[in-house]
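Participant: can't give you the sequence, but here's the structure:
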């Protein structure tokens, strides 16, 4: 029959290379697995069926976790997106699951009528509706594939297996993707800032890296609730050395000119860092739409004002320097 | 004002609950607890509005405006004048979330 392929639990060098690229955010839409039904080990008509997404990291995590277990893996067409995100947009969803069951004639291949779907797929999969339309009962397994062997002992997930966390390591592995995402802006800003001299360029890079690197690392420990305010805190702290340097190094300038330059650092750098910090919400595992919307409305205008005033200040101060020869 | 996440759109009517346990099973943040005659709403503030509980509740006891809490997706949608916010994938978030699921469990 068509749509049946073999797979194994081996993670090859080629797989690892693919994972590395995925984690770096390279060739983002090309980490694909052919949708369909896969056999893992020596399957029989009684082997369990696990459902996955057609993103290599998802599929590989599952087949690796199932090492030594004879099972079917039903891969849905999620356009190369992981289970949770795909569930959010219903590509990992009831319709696709029912369609895929029919497509591979799952009812003819197994005697039982049970599917083990990752818990996070529940955002797109209605267990009731799948059963009504296909006859298959959906059982939501643990969040992480790695817990499957433990789960399979009695088909019960502990509370820990049902929770999504966001550990330091989780956050650190996101940094390359974050950097990659803003690479163009980073380079453009560095070139632009170099017009203002070495220190200005370093300040621009510092503001951006504070948002893309420091913020994810220190996220839970910055003592405010909102992402934007956390970003202002980190951005402000990182701007301080630049501001102080501007104040104390320009000793032959007038006092208010020194204050002006000091202020520009304190206005622009925190605004950039806070904006990038707010943009990290999508990468986290816990921010709600309602909360993020509130943040956008309350803080983005303030960020824009701070940034705008800072830029105007730079223009004024620079033109005064040029005109007055100060 | 300084905690944008203190409330959300999650609404739960315990009168409709038949205690099937589905909401506590699918919720990734322990918002519901199955210990009781009906599901208990134990941590509503932790709700990220993913909508899994609503979709899988057999009696419509749970209502939530679900969506993806991603600022960059919303800002881009607003900038392009789009009404619907879908995360681009395109954007880094999707790769990110999966990675989160693969890595360690405890801090």
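Facilitator: Arrived safely, thanks for sending. Remember, it's a predicted structure, so these values are computed and weren't measured experimentally.

Participant: Assumed residue A:42 was part of a strand.
Facilitator: No - assessed with DSSP: H, G, I helix; E, B strand; the rest coil, residue A:42 is coil; it does not lie in a strand.

Participant: Quick check: the gap between it and chain B.
Facilitator: Plainly put, residue A:42 is 27 Å away from chain B if you go by C-beta to the nearest C-beta, to the nearest Å. All C-beta spots, glycine's among them, are computed from the backbone N, C-alpha and C.

Participant: Go ahead and confirm that residue touches residue A:69.
Facilitator: No - look at residue A:42 against residue A:69 with C-beta atoms under 8 Å: they stay out of range, at 10.6 Å.

Participant: who has more neighbours, those two?
Facilitator: Using other C-beta atoms under 10 Å in any protein chain shown as the criterion, residue A:42 and residue A:69 rank with residue A:69 on top: 16 against 7.

Participant: Please list all residues in contact with that one.
Facilitator: Residues near residue A:69 by C-beta atoms under 8 Å, 6 or more residues apart in numbering or on different chains: A:40-41, A:48, A:148-149, A:152.

Participant: Using the three-state scheme, assign residue A:278.
Facilitator: Per three-state DSSP, residue A:278 ends up helix.

Participant: and what of residue A:39?
Facilitator: Of the three states, residue A:39 takes strand under three-state DSSP.

Participant: partner residues bridging it?
Facilitator: In this structure, residue A:39 bridges to residue A:6, residue A:72 when assessed by DSSP bridges.

Participant: Relative to chain B, how far out is it?
Facilitator: Residue A:39 is 23 Å from chain B, by C-beta to the nearest C-beta.

Participant: Could you check how many residues crowd around that residue?
Facilitator: For residue A:39, the count of nearby residues is 17 (other C-beta under 10 Å).

Participant: Quick check, it in contact with residue A:45.
Facilitator: No - Residue A:39 is not in contact with residue A:45 according to C-beta under 8 Å; the separation is 11.7 Å.

Participant: quick one, domains of the chain?
Facilitator: Let's take chain A. What automatic domain parsing lists as the domains of chain A is A:4-162, A:168-324.

Participant: that's the other chain; I wanted chain B
Facilitator: With automatic domain parsing as the reference, chain B has domains B:11-63, B:71-102.

Participant: In terms of mean pLDDT, which of those ranks lowest?
Facilitator: For the domains of chain B, the weakest mean pLDDT is recorded on domain B:71-102, namely a mean of 63.

Participant: Against which helices or strands is the helix or strand of chain A with the lowest mean pLDDT packed?
Facilitator: Within chain A, confidence by mean pLDDT, DSSP states H and E is lowest for helix A:183-194 among all helices and strands, at a mean of 83. When contacts are defined as 3 or more C-beta pairs under 8 Å, 6 or more residues apart in numbering or on different chains; DSSP states H and E, helix A:183-194 packs onto helix A:198-209.

Participant: Can you name the element that comes right after the helix it packs on?
Facilitator: Proceeding N to C from helix A:198-209, the next assigned helix or strand is helix A:215-218, under DSSP states H and E.

Participant: How about chain B: which residue is closest to chain A?
Facilitator: Nearest to chain A, among the residues of chain B, is residue B:70, at 2.8 Å (C-beta to the nearest C-beta).

Participant: Next one: that residue from residue A:20, what distance?
Facilitator: Going from residue B:70 to residue A:20 by C-beta to C-beta, to the nearest Å gives 25 Å.

Participant: the more surrounded of the two?
Facilitator: When residue B:70 and residue A:20 are compared for neighbours, residue B:70 comes out ahead with 30 against 11, by other C-beta under 10 Å.

Participant: What distance do you get for the residue lying closest to that one once chain neighbours are set aside to residue A:228?
Facilitator: Among residues not flanking residue B:70 along the chain, residue A:282 sits closest, at 2.8 Å (C-beta to C-beta, 6 or more residues apart in numbering or on different chains). According to C-beta to C-beta, residue A:282 stands 14 Å off from residue A:228.

Participant: Checking residue B:77 next. Helix, strand or coil?
Facilitator: Classification of residue B:77 by three-state DSSP places it in helix.

Participant: Count the neighbours of it for me.
Facilitator: 17.

Participant: measure it to residue B:71 for me?
Facilitator: Residue B:77 sits 11 Å away from residue B:71, taking C-beta to C-beta as the criterion.

Participant: same thing with residue B:81?
Facilitator: For residue B:81, the distance to residue B:71 equals 17 Å [C-beta to C-beta].

Participant: Would you state the strands of chain B in chain order?
Facilitator: In chain B, strands defined by DSSP state E lie at B:11-12, B:32-33, B:40-41, B:62-63, listed in chain order.

Participant: How many residues are close by whichever residue of chain A sits closest to chain B?
Facilitator: Closest residue of chain A to chain B, C-beta to the nearest C-beta: residue A:282 (2.8 Å). Applying other C-beta under 10 Å, we find 24 residues neighbouring residue A:282.

Participant: go on, the one 5 residues further on?
Facilitator: Residues near residue A:287, counting by other C-beta under 10 Å, number 23.

Participant: Residue B:37: which of the domains of chain A is closest?
Facilitator: Residue B:37 sits nearest to domain A:4-162 of all the domains of chain A, at 19.8 Å, using C-beta to C-beta.
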